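*Asks:* Okay, structure incoming, though there's no sequence with it:
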């Protein structure tokens, strides 16, 4: 439209110029067309036109930041949910395995107590071990001494088994009466701090006076009661022999030995130092080590008192040669329960 208007204006101007030339002889300078009419319209871009581009970039940046913020908030919420699920899973695991963990913890604790004591005992025995070459003794032929041994056996007097503790019967019965009274929780170490029942006293009377201090007795139903009976015997032997005897306990499992240690500590007021090769009570898992220790005690003129746990099904024959030993005979149910706990 603008081009057509400019063409019409130019045509009119040309006609006017022709008429003027014809009317006057003077030359009239040609009229220059208006710049607005000749020049095509142009758009002048103002300097402020750069601002809309900056605003657009800022708006884009703001939108991107908002998106990032939203995604961050979503991720934080997901992390919180995952942490809550983790805590719930841990709680469920603890609750489901609590019973098993308690039993395992008890076994581990008993084994730890036994292991620490055994390592201390082993270190002490290794320090005090004396390596001496045994002398070679040449014995005469058995054929030459058959007659002498037969005559000597006829002359020797072998006391009855039941007469072993007859000289100390009054002392032993006085201890029985004390055991039936109220327990003395503040008694001296190696004295019985618990009380016994009448059926326990009957069992002790049979073991001391009928069996001569060597034989098996029925188990009292659990290891703590058996340890209480053994503690009462240890207290009586301490009154008779003083420090000239040592108690040797045989149990083939560390947990059982740990229970024996705790029960004897409680009943006699002992501490950890009282358990060891140079102390009053020594714990053994194997019978061969117990027999070797008992032989050494007899060589030094001391008396070994051997206690055999009720869970021990088989007893080695060399143990039966020693003068004082007590084996607790467990019932089938008791032995079955012990095997189930392992």
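*Replies:* Arrived safely. In this text, all values refer to a predicted model and were calculated from it rather than measured experimentally. Numbering: from 1, shown residues only.

*Asks:* alpha carbons only for contacts and neighbour counts from here, please
*Replies:* Noted.

*Asks:* Any idea which helix or strand in the protein has the lowest mean pLDDT?
*Replies:* helix 35-38 (a mean of 42; mean pLDDT, DSSP states H and E).

*Asks:* Tell me the confidence at the closest residue to residue 187 other than its chain neighbours?
*Replies:* Leaving aside its sequence neighbours, residue 187 sits nearest to residue 193 (C-alpha to C-alpha, 6 or more residues apart in numbering; 6.0 Å). On pLDDT, residue 193 comes in at 94.

*Asks:* Please name the residues that touch residue 193.
*Replies:* Residues near residue 193 by C-alpha atoms under 8 Å, 6 or more residues apart in numbering: 183, 184, 185, 186, 187, 266, 267, 268, 269.

*Asks:* that's a helix at it, yeah?
*Replies:* No: Residue 193: not assigned to a helix; according to DSSP: H, G, I helix; E, B strand; the rest coil it is coil.

*Asks:* returning to that earlier point: so how far is the helix or strand following the least confident helix or strand of the chain from its chain's centroid?
*Replies:* Using DSSP states H and E, the helix or strand that follows helix 35-38 towards the C-terminus is helix 51-96. Centre-to-centre, helix 51-96 and its host chain are 41 Å apart (C-alpha atoms, centre = their mean, to the nearest Å).

*Asks:* quick revisit: which one of the contacts of residue 193 has the most neighbours?
*Replies:* Neighbour tally across the contacts of residue 193 (other C-alpha atoms under 10 Å): the maximum, 24 neighbours, falls on residue 267.

*Asks:* okay but that one is in contact with residue 231, surely?
*Replies:* Yes: contact criterion C-alpha atoms under 8 Å: residue 267 and residue 231 qualify, at 6.4 Å.

*Asks:* which residues are in contact with both of these two?
*Replies:* Common neighbours of residue 267 and residue 231, using C-alpha under 8 Å, 6+ apart, are residue 192.

*Asks:* Could I get the average pLDDT for stretch 202-211?
*Replies:* Per-residue scores along stretch 202-211 average to 94.

*Asks:* Just the endpoints, please. Distance across it?
*Replies:* Stretch 202-211 has an end-to-end distance of 13 Å (criterion: C-alpha to C-alpha, to the nearest Å).

*Asks:* cool, stretch 182-202 as well?
*Replies:* Termini of stretch 182-202 sit 18 Å apart (C-alpha to C-alpha).
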